[in-house]
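Visitor: pasting a predicted model and its sequence here:
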Amino acid sequence: MNRIVKKNQHKTISFLLLFLFFSCYGYGQEQLPELVKSVKPAVFKIIRYDAMGYESGGTGFFIEEKGICVTAYHVLENSSQIVIETLDESKYDFDSIIAADKKTDIVKFKIKNPKGKKFSFLKITEEPPQEGESVFMIGNPSGYDFSVTSGIVSAIRNKEHGQSIQTTAPCGEGSSGSPLMNMKGEVVGVMSYVKFLTQNMSFASSANQLKELKDDGSLRLGKTNIIPLSAHKIDNIIDETDNLIKNRQYDSALTALFPLLKYNLTEMQQIKIMWRSGSCYYLKRDYQNAYAFFDRTIDLLFKKTGKTPEMVFIYAESLHKAGMCQFYIGLKEDALETIEKSIEVSKAGYENDLIRRELYISMFQIGYYSLGAIKLQLGDTGTACLNFKLSKQWGYDKVEHEIKEFCK
């Protein structure tokens, strides 16, 4: 008899716990629309320009009514001009850095506010979030301004550079620097980066780090005095980055390349800087930034007539790596088209450029293998096998496993 009573008690308690969980969850979802309305005016869009005038974006938010702002460090990095645009489409110029820390990927700055406007602002949480806690964010992913996404805290990661919050809330390009908020509308993190694995995982730098944020002196924006450099000296600096890249000193190579963008460059110098910057980010596995630079390289070469053999090679490799970047960030169909174009350009280069013939063979090997791998993921085993076999024909022995496994 006691066993039956205890069993019924366990069932009742389990039911009540489930009811309580879904009631709380439902309440959280019901209050989210009102919460979003109240916090949205404190979030803004960041428009940044690099030294060549290329535009890109990010997200930030106010933490004080007088115009003190927060975003991710990498959003402002390598910028020559920054403008923010608020929800009401008003625009304000960047004023100065208050504190910045590259390791935690957080920066605090202020904007120019000559009329003394009082801005809506967000409160930083006093309590760190718990695993499983509901969170949401407002960002500006790829032109879809002030978009709201939600999820839960998947994990709290403690690393050398500080605490990081892993979340299921989707974070697209343009949403870096967005506030990750709890269901009280308090900031628990600053969106930092996304890992594209079997499932996309978003990470935010813990907002607790804002309280003790100090300026590491590494982020300085705006115009600086330009030291005169001859075209020959610029060429030498570009060529010297080859050794830095070979020695895996990617940040040093980027540090050498970016200041050159302030000069009056030749067309080939621009192409090489874009291409090598893309290669640095690619090798750092920062595929979003890598894709941006390869895309610029492709744009510079696409309409170029009378390409030199060197230009053809850069064009082919930029297409190939841009395609791989598209694959890594989840744009598989686009990746197929870009890699196929790379192979098409490589065929012309292979026939006419004896000096780089071995490099083109390597591109054929990896290009066809990549097409096969993507087709396989898309469920097209027949076309995948065809590409795997083409990769093998060009001497890629590592494809043997895929041929045995999928092409029986």
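Guide: Thanks, I have the structure now. Numbers count the residues shown, from 1 in each chain.

Visitor: contacts, neighbours, all on C-alpha from now
Guide: Will do.

Visitor: residue boundaries of the helices in the stretch 201-350 of the chain?
Guide: Using DSSP state H, counting those that start in this stretch, the helices of the stretch 201-350 of the chain run over residues 231-246, 250-257, 267-283, 287-302, 309-328, 332-352.

Visitor: what packs against the longest one?
Guide: Counting contacts by 3 or more C-alpha pairs under 8 Å, 6 or more residues apart in numbering; DSSP states H and E, helix 332-352 packs against helix 309-328, helix 357-377.

Visitor: can you list contacts of it?
Guide: 309, 312-313, 315-320, 322-327, 356-357, 360-361, 363-364, 367, 371, 374 (C-alpha atoms under 8 Å, 6 or more residues apart in numbering).

Visitor: quick one: low-confidence ranges for this protein?
Guide: 1-30, 51-54, 160, 194-200, 222-227 (pLDDT under 70).

Visitor: show me which strand runs longest in it.
Guide: Identified as the longest strand of the chain according to DSSP state E is strand 147-159.

Visitor: break the chain down into its structural domains.
Guide: Domains of the chain are assigned by automatic domain parsing as 41-223, 231-355.

Visitor: ok now the shortest one, how far from the chain's centre?
Guide: Using C-alpha atoms, centre = their mean, to the nearest Å, we find the averaged C-alpha position of domain 231-355 to lie 18 Å away from the chain's own average C-alpha position.

Visitor: and the residue nearest the centre of the chain, how far from Gly139?
Guide: With distances taken as C-alpha atoms, centre = their mean, Gln288 lies nearest the centre of the chain, 4.3 Å away. Relative to Gly139, Gln288 is positioned 17 Å away (C-alpha to C-alpha, to the nearest Å).

Visitor: ok so, going back, export the domains of the chain to JSON lines and tack on distance to Leu35?
Guide: As requested, the domains of the chain are exported to JSON lines (distance: least, C-alpha to C-alpha, whole Å):
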{"stretch": "domain 41-223", "distance to Leu35": "6"}
{"stretch": "domain 231-355", "distance to Leu35": "31"}
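
Visitor: for Thr383, find the nearest of those.
Guide: Of all the domains of the chain, the one in closest proximity to Thr383, counting by C-alpha to C-alpha, is domain 231-355 (11.8 Å).

Visitor: surely Ala373 meets Thr383?
Guide: No - Ala373 is beyond contact range of Thr383, at 9.9 Å (criterion: C-alpha atoms under 8 Å).

Visitor: between these two, tell me which one has more neighbours.
Guide: Ala373 (21 against 16; other C-alpha atoms under 10 Å).

Visitor: which residues does the more buried one contact?
Guide: With the criterion set at C-alpha under 8 Å, 6+ apart, Ala373 makes contact with Ala384.

Visitor: rewinding a little: what does the longest strand of the chain rub up against?
Guide: Outside strand 147-159, the residues touching it (C-alpha under 8 Å, 6+ apart) are 36, 129-141, 163-171.

Visitor: kind regards, and thank you for your time.
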